[in-house]
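**Student:** based on what follows, work out the 3D shape:
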Amino acid sequence: MFQIFFGLTPFIFITVLGFVFGRIKIFDLSHAKVLNLFLFYIAVPALIIKFVAQSEITQIDLKQLISYFLMQGSLGLITFIIMSKFFNRLIQESIIWSLMVALSNHVTLLLPITKIYFGDEVITQVTSIILMDGVILLSVITFFLELTTRKNIQALVFVRNLFLNPMILSILIGVILFLLNINISGTPLEYTLSVLAACVSPVGLFAIGITLSFYTSKVINKITVSISILKLIISPIVLLLIGLIIFDAGLPEKIPGAFFVSVAPCGHTAIVLCSAYNVSPENIVKALFISTFASIVTIFFAIQYLTV
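**Tutor:** Numbers count the residues shown, from 1 in each chain. Here you go, the predicted structure:
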């Protein structure tokens, strides 16, 4: 467990740094929003383009991919219903809460840990899930956010705005580069994308720390605890049930990549979308904080079980 905690040290330190600078009023919520908008329009799209364009997935395990996708879809829908009907959240916020449960922090947190503890087969499956999330999940979430935000506009204008959305646009560019087999390795484009992509984790964590410094009351509440339980406990249980029912693969060792991703904390993309779509980040940043620290336990036990 110490090794996992040690691996989380940069994440904790940068978040605490943002929290301290927020508390001493050097940065405020407006600065955090600017940082998140930088991530939304520039850094995250760069990461998506680079990851999708340079994906080298040669052996996809469909039972893991399908099981994980069905788990995401079902829990995302359940989360949306819970947040909108039981907690009376607005539609846009409920959509982002769905993303919180459906999307793991796999690129910046889980993938490096996977490379330490597992072999090529599990790494490939984790990478395929990351690719699926980048191409399908973010596209679906962005579509519904655009659909519910930009009401009373012509269909043609909506489609234009959708395809000009930086998330959708970056996915399309990455897929085109991948399908055309365009090699960007060693080019100025790859170097530029790498520099921008490297900003995602530190800038995002710093912005989370700033935001959290302004919302210190009732970090542990019904919403944040519910989301953390859904993400870290219910997700892997539902995944195994789906794997059992459809593929007779109801044990973690039968779908190790999907299972390992399912016990990871909420992804940071949700807080970026809050700034882009004017959704209050108060409880979302608290849930990110709780799920990240609680995931030390879930990731530890997953590694212990899968590496025995």
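
**Student:** not including adjacent chain positions, what is the nearest residue to the residue most central in space within the chain?
**Tutor:** Centroid-nearest residue in the chain: G267, 2.8 Å away (criterion: Cα atoms, centre = their mean). Distances taken as Cβ to Cβ, 6 or more residues apart in numbering place L103 nearest to G267, at 3.8 Å, with adjacent residues excluded. Any C-beta I mention is one placed from the backbone N, CA and C, and that applies to glycine too.

**Student:** for T192, same thing?
**Tutor:** Nearest to T192 is A46, by Cβ to Cβ, 6+ apart, at 7.5 Å.

**Student:** you'd agree the one you found is up against A198?
**Tutor:** No - counting by Cβ atoms under 8 Å, A46 stays clear of A198, with 9.2 Å between them.

**Student:** which one's more surrounded, these two?
**Tutor:** A46 (22 against 14; other Cβ atoms under 10 Å).

**Student:** quick one: what helix or strand has that one in it?
**Tutor:** Assigned by DSSP states H and E, A46 falls within helix 44-53.

**Student:** pretty sure F247 is touching S67, no?
**Tutor:** Yes - using Cβ under 8 Å, F247 is in contact with S67, at 6.6 Å.

**Student:** where does the protein dip in pLDDT?
**Tutor:** Applying pLDDT under 70 to the chain flags the ranges 1-8, 57-59, 151-154.

**Student:** the strands in it, which residues?
**Tutor:** Here the chain has no strands by DSSP state E.

**Student:** how far does the biggest helix by length in it sit from the chain's center?
**Tutor:** Taking DSSP state H as the criterion, the chain has its longest helix at helix 282-306. Distance of helix 282-306 from the chain centroid (Cα atoms, centre = their mean, to the nearest Å) equals 13 Å.

**Student:** now for P188, how many residues are close by?
**Tutor:** That count, for P188 with other Cβ under 10 Å as the rule, works out to 8.

**Student:** what's the spacing between it and I176?
**Tutor:** According to Cβ to Cβ, to the nearest Å, P188 stands 19 Å off from I176.

**Student:** hmm, back to that, residues in contact with the residue nearest to T192?
**Tutor:** Going by Cβ atoms under 8 Å, 6 or more residues apart in numbering, A46 touches S170, T192, L193, L196, A197.

**Student:** need the max-distance pair from those residues.
**Tutor:** S170 and T192 (13.4 Å; Cβ to Cβ).

**Student:** neighbour count winner among the two?
**Tutor:** Neighbours of S170 and T192, each counted by other Cβ under 10 Å, are more numerous for S170; the result is 25 against 13.

**Student:** and the residue nearest to G267, what is it in contact with?
**Tutor:** Q72, D133, L137, L138, C266, G267, T269, A270.

**Student:** adding distance to Y41, write those out as JSON lines.
**Tutor:** Below are the contacts of L103 laid out as JSON lines (distance: Cβ to Cβ, whole Å):
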{"residue": "Q72", "distance to Y41": "25"}
{"residue": "D133", "distance to Y41": "20"}
{"residue": "L137", "distance to Y41": "19"}
{"residue": "L138", "distance to Y41": "14"}
{"residue": "C266", "distance to Y41": "22"}
{"residue": "G267", "distance to Y41": "18"}
{"residue": "T269", "distance to Y41": "13"}
{"residue": "A270", "distance to Y41": "16"}
